[in-house]
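Student: I'll drop the sequence and a predicted model, then ask my questions.
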Amino acid sequence: MSSTKFETITFEKSGAVARLTMNRPDRLNAMTNQMLLETGQAVAAAAEDKELRVLILTGAGKGFCPGADLNRVASGAPEPPTTPEDFRVPVLLHTMPAVTIAAINGACAGAGLGWALGCDFRFAAESAKFNVAFLDVGVAGDMGGPWSLSRIVGPAKARELYFLPGKFDAAEALRIGMVSQVFPDERLRPEVDSVAARLAESAPIALRTLKANFVDAERMDFAGYVALESERHARMFLTQDTREAFAAKVEKRKPRFIGR
């Protein structure tokens, strides 16, 4: 396992799976500019890692991320400056070749919710609580929530959650389709690790291509997308991994993928 040192997050990689943990547990991992910058650096590096197949985003302690650290903002304490480019974290989570999973282990609101919505999957602990919360503090929001949430739960529900913010629990998040599954708190990490391991065992070229297909489908018309998908599908049959997958299925054994 390899790890990189940061002040407000931890980043660990084991094989084809990495875990990025927001690490300000005394503040339930409330976001600061430093956390924004460090997360952006870590996610950008992960997006360039050709060996990485799965990235898990979670929080230390009892929180995921409740959004901005309001105490820090209200105090006027000095913070590192940011630029619009630094707010690319949800875009990177959404478009990077690796599959991204938000393991929501507690309070998830505001900018933290925006990061979770950028991921491919969201799994929540039973105790997790959600809130959009931006209007409550007099801002219109950041981290791409209207774009992401409208596609996940539909535009009408997304508008309701943004314009009429209020806390809701993991069961409600599951009911509206914002999260895929809810687990008892003590089962969240092992269940997410199990999903990550399953994804990491997939053929790496096929896994990355499937992720690219979903990203491209959002920006293309149907005919153009099907043409691109068909071209990629044909190329896939030229890879050793696809031939190995077919042979393993016929021979009823576990495939051995090499990424070629």
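Tutor: Happy to help now that I have it.

Student: alpha carbons only for contacts and neighbour counts from here, please
Tutor: Noted.

Student: quick one: contacts for the residue nearest to the spatial centre of the chain?
Tutor: The chain has Cys119 as the residue nearest its centroid, 2.6 Å off, counting by Cα atoms, centre = their mean. Residues near Cys119 by Cα atoms under 8 Å, 6 or more residues apart in numbering: 90, 93-94, 99-102.

Student: One more pass at 6 Å, please.
Tutor: 93-94, 100-101 (Cα atoms under 6 Å, 6 or more residues apart in numbering).

Student: Now, these that are in strands?
Tutor: 100-101 (DSSP state E).

Student: Quick check: the farthest pair among the contacts of Cys119?
Tutor: Largest separation among the contacts of Cys119 by Cα to Cα: His94 and Ile101, giving 10.1 Å.

Student: rewinding a little: and of the contacts of Cys119, the nearest to Ile152?
Tutor: Distances from Ile152 to the contacts of Cys119, taken by Cα to Cα, are shortest for His94, at 12.5 Å.

Student: so how far is Glu244 from the closest residue to the closest one other than its chain neighbours?
Tutor: Leaving aside its sequence neighbours, His94 sits nearest to Gly118 (Cα to Cα, 6 or more residues apart in numbering; 4.9 Å). Here the criterion is Cα to Cα, to the nearest Å. By it, Gly118 lies 33 Å from Glu244.

Student: So between those two, which is more surrounded?
Tutor: Gly118 (25 against 17; other Cα atoms under 10 Å).

Student: Thought Val89 was touching that one, still the case?
Tutor: No - counting by Cα atoms under 6 Å, Gly118 does not reach Val89; the two are 8.2 Å apart.

Student: ok, back up a step: per-residue confidence at the residue nearest to the centre of the chain?
Tutor: pLDDT, Cys119: 98.

Student: element containing the residue nearest to Asp142 when sequence neighbours are not counted?
Tutor: Distance criterion Cα to Cα, 6+ apart; nearest residue to Asp142, sequence neighbours excluded, is Ala111 at 6.3 Å. Per DSSP states H and E, Ala111 falls inside helix 110-118.

Student: Show me what counts as buried in that helix.
Tutor: Neighbour-count burial for helix 110-118 flags 110-118 (criterion: 16 or more other Cα atoms under 10 Å).

Student: Which strands and helices lie in contact with it?
Tutor: On a contact count with 3 or more Cα pairs under 6 Å, 6 or more residues apart in numbering; DSSP states H and E, helix 110-118 meets helix 89-95.

Student: Which residue ranges make up the domains of this structure?
Tutor: Under the assignment automatic domain parsing, the domains of the chain span 2-200, 204-251.

Student: Ranking those by mean neighbour count, which comes first?
Tutor: Comparing the domains of the chain by mean neighbour count (mean count of other Cα atoms under 10 Å), domain 2-200 ranks first with a mean of 19.

Student: Now do the same contact list for Arg151.
Tutor: So Arg151 contacts nothing (Cα under 6 Å, 6+ apart).

Student: Mind checking what secondary structure it has?
Tutor: Of the three states, Arg151 takes helix under DSSP: H, G, I helix; E, B strand; the rest coil.

Student: thinking again about what came up before, please name whichever of the domains of the chain is nearest to Gly259.
Tutor: Here domain 204-251 is closest among the domains of the chain (Cα to Cα), at 5.6 Å.
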